[in-house]
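Chemist: Fold the following and give me the result.
(chains A and B)
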Amino acid sequence: GAGVSQSPSNKVTEKGKDVELRCDPISGHTALYWYRQSLGQGLEFLIYFQGNSAPDKSGLPSDRFSAERTGGSVSTLTIQRTQQEDSAVYLCASSLAVVRGSSTDTQYFGPGTRLTVL
Amino acid sequence: TQLLEQSPQFLSIQEGENLTVYCNSSSVFSSLQWYRQEPGEGPVLLVTVVTGGEVKKLKRLTFQFGDARKDSSLHITAAQPGDTGLYLCAGGETSGSRLTFGEGTQLTVNP
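Modeler: Down below sits the predicted model:
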């Protein structure tokens, strides 16, 4: 594929409902990242997958948040019992990350999913 | 926790003016990246600097990494309306590939 794709582009849900956000990384990229961005602000790291290694979940804000990556490609970020403070743009990025810990990995971002919790 | 502070948070200038955006931290980063983001899109990488004191130029944009690898600056010469956007700096940690982002600088260049 041409780039990282995310779906849906917009999601409006009611407080307390569960939501699933999908990310399709660039083909061949072994590393995948999820970030959260509040309006006009910087990105907050959520979770990082690298190949078959255990994911780095240190950025997940609560146990209502979880993510999985099946077959080393597509990833799904799930938010259970959504709260109004979960409203944000959720961005996914992927990189080649041939060498874990490389300081020069280039992360390519998708367009994001704008989540609004009413 | 490593933090990056960007300044200014908002900047509105006239076409043709010069500007500098700063990115500062008390922590050392293995690399520093600058991104530009437009509404409704993800950030797009502009440059990566990895060596203390490094200076990189990209047309009218000049990026500098501090000698101690704790701070960076982005200088734009003769700004144009097409430069309008959210500029984000991000630090790469020495272990792992996660990035720590600054809060961003919203630049508006008026014609």
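Chemist: separation between B:Leu61 and A:Leu32?
Modeler: As judged by Cβ to Cβ, to the nearest Å, B:Leu61 and A:Leu32 stand 29 Å apart. For glycine as for every other residue, the C-beta is placed from the backbone atoms N, C-alpha and C.
Chemist: now do B:Ile76
Modeler: Distance from B:Ile76 to A:Leu32, by Cβ to Cβ: 32 Å.
Chemist: who has more neighbours, the two?
Modeler: A:Leu32 (28 against 21; other Cβ atoms under 10 Å in any protein chain shown).
Chemist: residues contacting the more buried one?
Modeler: A:23, A:25, A:48-49, A:69, A:75, A:92-94 (Cβ atoms under 8 Å, 6 or more residues apart in numbering or on different chains).
Chemist: check the residues you listed against chain B, which are close?
Modeler: Contacts with chain B within the contacts of A:Leu32, as defined by Cβ under 8 Å from any Cβ of the partner chain: A:48, A:93.
Chemist: May I see the contacts of A:Leu32 organised as a markdown table, with neighbour count added?
Modeler: Below are those laid out as a markdown table (neighbours: other Cβ atoms under 10 Å in any protein chain shown):
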| residue | neighbour count |
| --- | --- |
| A:Cys23 | 26 |
| A:Pro25 | 27 |
| A:Tyr48 | 24 |
| A:Phe49 | 23 |
| A:Arg69 | 20 |
| A:Ser75 | 23 |
| A:Cys92 | 28 |
| A:Ala93 | 26 |
| A:Ser94 | 27 |
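Chemist: Which of the contacts of A:Leu32 sits closest to chain B?
Modeler: A:Tyr48 (5.5 Å; Cβ to the nearest Cβ).
Chemist: Assumed the closest one was part of a strand.
Modeler: Yes - assigned with DSSP: H, G, I helix; E, B strand; the rest coil, A:Tyr48 falls within a strand.
Chemist: Show me what it is bridged to.
Modeler: Under DSSP bridges, the beta-bridge partners of A:Tyr48 are A:Tyr33, A:Asp56.
Chemist: Nearest residue to the residue of chain B found nearest chain A in space, please, no chain neighbours.
Modeler: Nearest residue of chain B to chain A (Cβ to the nearest Cβ) works out as B:Gly42 at 2.9 Å. With sequence-adjacent residues excluded and distances taken as Cβ to Cβ, 6 or more residues apart in numbering or on different chains, B:Gly42 is closest to A:Phe109, at 2.9 Å.
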